[in-house]
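Asks: no sequence on this one, just coordinates:
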């Protein structure tokens, strides 16, 4: 009896399945590896650029990696992007004169733009991976006409907040929350990219007496569920803005010599360095939220010459669970889960940085495919020139 005919379609399918499993295990902090692999052949490019692969890749690795950070020498200086990976470079905010980074979350960066002698300018939201950019007017309504004359803060977040795990955020959908305070009144409005407009401004009274603090004027925001938390000026107050229910509240957080850096496990995370100790407070959101304290000894983690300098908390990577510390001898990270440290940059000139966390695959729909195709073409050209030396 003659053997059954050979099925020419079976081996490629098995090979594709095996390669898919291999590609899933490529570390997310080396985004060029996927681009290099997709430049090898059409079959590999088809696997990596598939939207289902992008979703599987995010689910496999969990939290997105830190691809870099933005910093500025001072206000009204353009923010610069510094990569913390060996292969990711984003020109999205280069050559943007008078662009100042205000916030970064869910793969997006919020900039305040200035033209000529304007003090406030408008806003720009950028995806540093796909290079997509959206302009938003800062004029949210008549209440904001004299925004230069009072305290205000703005933050960006996924447009599916409360309905998304932020591993594969819907493309192009974002919210921009704007909060201001003047005298004893706090007010807020939110811009929806899908609606293309600002919501009506809501108001509340600032009924809590507060004390002035001495920590840095620089700030970070936090997002817990549908609620955005913004520290109010140099005080022990935090503005709680529920962007879903459109509600405002003022919360008192009695923590001295520390600052809000982000969210961890559904709690507000405060951090500071006292002598050679990294002090962390996890605070339950709410008017009477309990606080839990944790201390990490920095002596075995940072070089002695770095600890002998001025050490300050400048950022927190929520996905990676890592605190970023500025010293006179460079920028260091401390992982909260393992207490491991790493030096990520030789120098830093600001007391606040905006960390950029995002995946770099072809699974962001059409936007992601455009980014991957561009990267693939660059790597295909390099492979043709240099071959196996890459």
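Replies: Nice, thanks for sending it over. Since we're looking at a predicted model, the values are computed, not measured. Numbers count the residues shown, from 1 in each chain.
Asks: show me what contacts residue 241?
Replies: Shown in contact with residue 241 (C-beta atoms under 8 Å, 6 or more residues apart in numbering): 177, 179, 188, 227, 228, 229, 230, 247, 248. Where you see a C-beta, it was placed from the backbone N, CA and C, and this is true even at glycine.
Asks: the last one contacts residue 240, doesn't it?
Replies: Yes - when contacts are counted by C-beta atoms under 8 Å, residue 248 is listed as touching residue 240 (7.0 Å).
Asks: of the two, who's got more company?
Replies: residue 240 (23 against 18; other C-beta atoms under 10 Å).
Asks: show me what contacts that one?
Replies: Residue 240 neighbours (C-beta under 8 Å, 6+ apart): 227, 228, 229, 248, 249, 250, 251, 285.
Asks: per-residue pLDDT, the first one?
Replies: Note on residue 227: pLDDT of 93.
Asks: what's the answer for the fourth one, then?
Replies: pLDDT for residue 248: 94.
Asks: quick check: it is in a strand.
Replies: Yes - the assignment for residue 248 by DSSP: H, G, I helix; E, B strand; the rest coil puts it in a strand.
Asks: which residues touch the closest residue to it other than its chain neighbours?
Replies: With C-beta to C-beta, 6 or more residues apart in numbering as the criterion, residue 248 has its nearest non-adjacent residue at 4.1 Å, and that residue is residue 204. Applying C-beta under 8 Å, 6+ apart to residue 204 gives the contacts 185, 186, 187, 248, 249, 250.
Asks: now list the buried members of those.
Replies: Neighbour counting by 16 or more other C-beta atoms under 10 Å classes 186, 187, 248, 249, 250 among the contacts of residue 204 as buried.
Asks: can you list those residues in JSON lines and add distance to residue 33?
Replies: Below are those laid out as JSON lines (distance: C-beta to C-beta, whole Å):
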{"residue": "186", "distance to residue 33": "47"}
{"residue": "187", "distance to residue 33": "47"}
{"residue": "248", "distance to residue 33": "45"}
{"residue": "249", "distance to residue 33": "46"}
{"residue": "250", "distance to residue 33": "47"}
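Asks: do I have it right that residue 305 meets residue 343?
Replies: No - at 11.9 Å, residue 305 and residue 343 do not qualify as touching, with contact defined as C-beta under 8 Å.
Asks: neighbour count winner among those two?
Replies: residue 343 (15 against 10).
Asks: distance check, the more buried one against residue 17.
Replies: Using C-beta to C-beta, to the nearest Å, we find residue 343 at a distance of 40 Å from residue 17.
Asks: then residue 24?
Replies: Where residue 17 is concerned, residue 24 sits at a distance of 11 Å (C-beta to C-beta).
Asks: higher neighbour count, these two?
Replies: Between residue 24 and residue 17, counted using other C-beta under 10 Å, the more crowded position is residue 24 (14 against 11).
Asks: so what's the more buried one closest to, chain neighbours aside?
Replies: residue 60 (5.0 Å).
Asks: and the helix or strand hosting that neighbour, what other elements does it pack with?
Replies: Using DSSP states H and E, residue 60 sits within helix 51-61. Helix 51-61 makes packing contacts with helix 10-24, helix 365-386 when contacts are defined by 3 or more C-beta pairs under 8 Å, 6 or more residues apart in numbering; DSSP states H and E.
Asks: mean pLDDT lowest for which of those helices?
Replies: Taking the mean pLDDT of the helices and strands packed on helix 51-61, helix 365-386 comes last: a mean of 45.
Asks: now the spatially closest residue to residue 145 that is not a sequence neighbour. Its backbone dihedrals?
Replies: Nearest residue to residue 145, sequence neighbours excluded (C-beta to C-beta, 6+ apart): residue 139, at 7.3 Å. Per-residue torsions, residue 139: phi -90, psi 90 (degrees, to the nearest 10).
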